[in-house]
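Asker: sequence first, predicted model second:
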Amino acid sequence: MSKSTRYLYAVLGIVWLWISAAAVVPSLGRIAVDKMHLQTPVFLNWAMVQFIPSMYNFGNQIWIGPAALTTDMIEGRQPLPPGTKHFWVNHYPLRQTYFRLRRDLLFKQYGTFYIYLKSSYRGIVWVQTYRMQVTPEGWTLVDEK
Amino acid sequence: MMDIKNMPPKVRVVYIFVSFWLLGWFIKAAFFFPYLFREITQTPLTNDFFPTLWTEPLLAQGAYVLPALAMVIFFRPSVFICRMVAMVMVSCAAILVLHQDTCNDAMFVTSFWSAVWFLWLVVNWEKGDDYLVTHSRRIGQWVIGVVFWAGFVGKLTPEYWSGEVFYNIFFVQNNEWLGVWLNTHLSVHQAHVFAAVISGFVIFAEFFISLAPFLPFPLIARWGLILLPAIALFSTWKIFSVVSCLIGILLACRSWKKI
């Protein structure tokens, strides 16, 4: 067997094992969610994990609106403020904001908008907050860590 | 161009795979061309998470368009051209997996891994036919298995088992033909039940396909070529952008024995 063949089997095997472990090891699930929420601390680490397939993974939701939300609002115990939109997303929930034609139709005025991401997997829930500053020059996504 | 039935098996494998890879890559061109060439430049997004290079519109634009050059393979299927094309496919897919404006689209991940399969094939071109047939199929099965193992494992959560994700994405938020028809003809309760059933079907189908590395190739080829298009047909046609390259691997590997 040639070296390239052996290496490719090895790489595919490692990726398969990683995916398998993510089902039972919470820290690996966290890595997967951080990837989708763009929260991986080091870009190079994010870049490596990006090549692990993750289509239609986890229960992902996003809330986008002009007002900050409380935990009760996100959990559905209180109504959402006017103008807040809520979506379920197959993966990478932030894509609901920028991965579209006519970005200008999402934020129809300039100002600050609040974005909440919630991903859940086997009883564990991760929530991430962002702000989107919308100006004539474009959008700026700010991490609300 | 040669008749596909009479061409050498290696060339036929290349033609079939590259055709389906390009089909998947450009099937959403009606979205990606205006998105990459107008949207991300007119309304640029600034996000400190990404190093500057990975936000450059020109990088994404070039990476999306360059694979079109792969069509030269149909006129000049030399080993050198095939290797150059394979490297372009791998590189362009990798760039778009990491670019700020495209990193969220699963099609670039599957395009990357299937391009890696193709690169392996053309690098090992001079190996004997038996070697190529055996390992191209086995590696292809591993690529497909890994993609769907990830899909299956990621759905091992109540949100998918209950149908909640599918109900919201394909009923409440969906304006594709199936979503519109179902919303018109089903009550809310019926829609929830239907979504749970479809979710269960998709999870089962993904689990079966994820067994690809461990099952005989003819079985995976037959059922993969039924289930992969079915998954796209019953959710959204856009999923062809993700699965077309994998269908290409199956069809290409199956064609080895047809003379």
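Answerer: Done, it's in. Just so it is clear, the model here is predicted, and its values are computed rather than measured. Numbering: from 1, shown residues only, chains lettered A, B, ... in the order given.
Asker: show me what contacts residue B:132?
Answerer: Listed by CB atoms under 8 Å, 6 or more residues apart in numbering or on different chains, the contact set of residue B:132 reads B:10, B:121, B:124, B:125, B:256. Heads up, the C-betas are built off the backbone N, CA and C, glycines and all.
Asker: list buried members of the residues you listed by neighbour count.
Answerer: Neighbour-count burial (16 or more other CB atoms under 10 Å in any protein chain shown) applied to the contacts of residue B:132 gives B:10, B:121, B:124, B:256.
Asker: pick out the most distant pair among the residues you listed.
Answerer: Maximum pairwise distance among the buried ones among the contacts of residue B:132 (CB to CB): 13.8 Å, between B:124 and B:256.
Asker: related to what we said a few turns ago, out of the buried ones among the contacts of residue B:132, flag the one nearest to chain A.
Answerer: Taking CB to the nearest CB as the measure, chain A lies nearest residue B:124 of the buried ones among the contacts of residue B:132, at 6.0 Å.
Asker: tell me who's in contact with that closest one.
Answerer: A:2, A:4, A:5, B:131, B:132, B:135.
Asker: just the pLDDT for it.
Answerer: Looking at residue B:124, its pLDDT is 95.
Asker: which phi and psi does it have?
Answerer: Reported as degrees, to the nearest 10, the phi and psi values for residue B:124 are phi -100, psi 20.
Asker: quick one, what contacts residue 102?
Answerer: Just so you know, I chose chain A. Residue A:102 sits next to residue B:39 when contact means CB under 8 Å, 6+ apart.
Asker: try chain B instead
Answerer: If you count contacts by CB under 8 Å, 6+ apart, then residue B:102 has B:36, B:60, B:64, B:96, B:108 around it.
Asker: check residue B:210 too.
Answerer: With contact set as CB under 8 Å, 6+ apart, residue B:210 has these partners: B:145, B:148, B:149, B:151, B:152.
Asker: hey, where'd the helices end up in the stretch 101-250 of chain B?
Answerer: Under the criterion DSSP state H, counting those that start in this stretch, the stretch 101-250 of chain B contains helices at B:106-123, B:129-153, B:158-161, B:164-167, B:177-185, B:188-210, B:217-233, B:240-254.
Asker: can you confirm whether the third one lies near chain A?
Answerer: Yes - contact between helix B:158-161 and chain A, assessed by CB under 8 Å from any CB of the partner chain, occurs at B:158, B:159, B:160.
Asker: for residue A:101, give its distance to residue A:62.
Answerer: From residue A:101 across to residue A:62, the span is 18 Å (CB to CB, to the nearest Å).
Asker: in a helix, residue A:118, correct?
Answerer: No - judged by DSSP: H, G, I helix; E, B strand; the rest coil, residue A:118 forms no part of a helix; its state is strand.
Asker: just give the nearest non-adjacent residue to it, would you?
Answerer: Counting by CB to CB, 6 or more residues apart in numbering or on different chains, residue A:61 is the residue found nearest to residue A:118 once chain neighbours are left out, at 4.6 Å.
Asker: what residues does that neighbour make contact with?
Answerer: Going by CB under 8 Å, 6+ apart, residue A:61 touches A:86, A:87, A:88, A:89, A:93, A:117, A:118, A:119.
Asker: tell me the confidence at the second one?
Answerer: Turning to residue A:87, the model gives it a pLDDT of 94.
Asker: that one is in what secondary structure piece?
Answerer: strand A:85-89 (DSSP states H and E).
Asker: flag every buried residue along that strand.
Answerer: Quick answer for strand A:85-89 (16+ other CB under 10 Å): A:86, A:87, A:88, A:89.
Asker: and for stretch A:94-112?
Answerer: Buried, per 16+ other CB under 10 Å, within stretch A:94-112: A:94, A:95, A:96, A:97, A:98, A:99, A:103, A:106, A:107.
Asker: any idea of the mean pLDDT for the host helix or strand of the fourth one?
Answerer: Assigned by DSSP H and E, residue A:97 belongs to helix A:95-98. Helix A:95-98 comes out with an average pLDDT of 93.
Asker: from the rest of the structure, what touches that helix?
Answerer: Under the contact criterion CB under 8 Å, 6+ apart, helix A:95-98 has outside partners A:62, A:64, A:87, A:89, A:106, A:115, A:132, A:139, B:45, B:101, B:104, B:105.
Asker: do stretch B:172-192 as well
Answerer: For stretch B:172-192, contacts defined as CB under 8 Å, 6+ apart pick out A:87, A:88, B:163, B:167, B:170, B:171, B:194, B:234, B:235, B:236, B:237.
Asker: swap the cut-off to 7 Å and go again
Answerer: Residues from elsewhere that reach stretch B:172-192 (CB atoms under 7 Å, 6 or more residues apart in numbering or on different chains): A:87, A:88, B:163, B:167, B:170, B:171, B:194, B:234, B:236.
Asker: tell me how far the closest residue to residue A:57 other than its chain neighbours lies from residue A:99.
Answerer: When the adjacent residues along the chain are set aside, residue A:57 lies closest to residue B:154, with 2.8 Å between them (CB to CB, 6+ apart). Counting by CB to CB, the gap from residue B:154 to residue A:99 is 19 Å.
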